[in-house]
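J.: following is a predicted model, sequence given first.
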Amino acid sequence: MTPAEVRAAMDAKVVVVDTRPLVPFAAAHLPGALHIEFNLADLADRAELLVPKGVQVIVHAEPEGTVAASVGLLGDAGLHVLGDLEGGLGAWQAAGQPVEPLPLIATDRLWAELDRYLVLDVREPYEFRHGHLSGAQLLPSGDAWTGATPAAHGRPIAVFCSGHARAAFVASLLLARGTEAALVTGGMYEWLQHGYPVAKGAAP
C-alpha cells in the first residue's frame, strides 16, 4: 500500500501494527501505530494475545525481508491484514506524512523520579504478586485493548514489564488513544539488577 493509501486507511480507523525493533520504532513511527516486535517464533502468539481477532490492520515491517513474514504471521493470529506500507518509513516521510516518537525511560531515571509517574505494570498477576514497584497499578497486556486505564491524576504513565516487549505494545496503545505514556526500558530485569526495592503481594 502506498503512503497515501495507508493514510486514508488510518483516517478510516484501520490500525497500523509496526513490527520493527524497539529503537527505530521509539525514534519515529506512524502516528497511532502499535508496536509488536517481529520474532518468527512467537509473533503470531503475541499478536493473538494482544489484539482481538478480526481487527483490520496494516503492517509496517522493516527490513524488507521481514515484511512477508510479518504479514503472514499477523494473519495467522486472526487479524485482517489489508496490506503493508510500501517503502517503509522512508517512503512515508518522503510523502510528507508525520511521525511520532515513543518516549523511553531508563530504570535509573524512573527510580530517581518515581513520584512523578503512575507506574502501570503490564505483566501477569502471578508476576506482579512475586515482586512489583510500590504503588504500581496492574493491567495485564492481554487485557489492555479492552481494559480501563487507571486514573493517572495528571501524571504521565510509565509502562513496565519484565523487559520491554509487552510494555512497548501497551505504551504504544495508550499513545494511540491520547494518553501521555512512556516505556520503561529494561523492565523488572534491570530494576532488580540495580537493587531497587520491590513490594510483594497481589494487586488490589
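T.: Cool, got the structure.
J.: helices or strands up against the longest helix along the chain?
T.: The longest helix of the chain (DSSP state H) is helix 165-176. On a contact count with 3 or more C-beta pairs under 8 Å, 6 or more residues apart in numbering; DSSP states H and E, helix 165-176 meets helix 22-27, strand 34-35, helix 43-50, strand 157-160, strand 181-185. In this view, the C-beta of every residue, glycine as well, is placed from N, C-alpha and C.
J.: now do it against strand 181-185, angle only.
T.: Orientation note: helix 165-176 sits at an angle of 160 degrees relative to strand 181-185 (axes from the mean of the first three to the mean of the last three C-alpha atoms, to 10 degrees).
J.: give the buried residues for helix 165-176.
T.: Residues 165, 166, 167, 168, 169, 170, 171, 172, 173, 174, 175, 176 are the ones in helix 165-176 that count as buried (16 or more other C-beta atoms under 10 Å).
J.: number of nearby residues for residue 84?
T.: 23 (other C-beta atoms under 10 Å).
J.: tell me the domain ranges of the chain?
T.: Here the domain assignment for the chain is 3-94, 104-193, based on automatic domain parsing.
J.: may I have the distance across the first one, first residue to last?
T.: For domain 3-94, the first-to-last residue distance is 9 Å (C-alpha to C-alpha, to the nearest Å).
J.: then the shortest one?
T.: The first residue of domain 104-193 is 19 Å away from its last residue (C-alpha to C-alpha).
J.: got the angle between the longest helix of the chain and helix 43-50?
T.: Going by the same axes, to 10 degrees, helix 165-176 makes 50 degrees with helix 43-50.
J.: for helix 165-176, give the mean pLDDT please.
T.: For helix 165-176, the mean pLDDT works out to 97.
J.: next one: stretch 38-45
T.: For stretch 38-45, mean pLDDT rounds to 97.
J.: hang on, the earlier thing: show me the contact partners of the longest helix of the chain.
T.: Residues from elsewhere that reach helix 165-176 (C-beta atoms under 8 Å, 6 or more residues apart in numbering): 18, 22, 25, 29, 31-37, 46, 50, 100, 102, 120, 122-123, 139, 141, 144-145, 149, 157, 159-161, 181-184, 187.
J.: run the chain-centre distance for it.
T.: 3 Å (C-alpha atoms, centre = their mean, to the nearest Å).
J.: can you show me the CA trace of it as PDB?
T.: Taking Å, rounded to 0.1, in the frame of the first residue of the first chain, the C-alpha atoms of helix 165-176 are listed here in PDB:
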ATOM      1  CA  ALA A 165       8.000  -6.300  24.700                       C
ATOM      2  CA  ARG A 166       4.700  -6.200  26.500                       C
ATOM      3  CA  ALA A 167       5.200  -2.700  27.800                       C
ATOM      4  CA  ALA A 168       6.100  -1.400  24.300                       C
ATOM      5  CA  PHE A 169       2.700  -2.600  23.000                       C
ATOM      6  CA  VAL A 170       0.700  -1.200  25.800                       C
ATOM      7  CA  ALA A 171       2.600   2.100  25.800                       C
ATOM      8  CA  SER A 172       2.000   2.500  22.100                       C
ATOM      9  CA  LEU A 173      -1.700   1.600  22.600                       C
ATOM     10  CA  LEU A 174      -2.000   4.300  25.200                       C
ATOM     11  CA  LEU A 175      -0.300   6.900  23.000                       C
ATOM     12  CA  ALA A 176      -2.600   6.000  20.200                       C
END
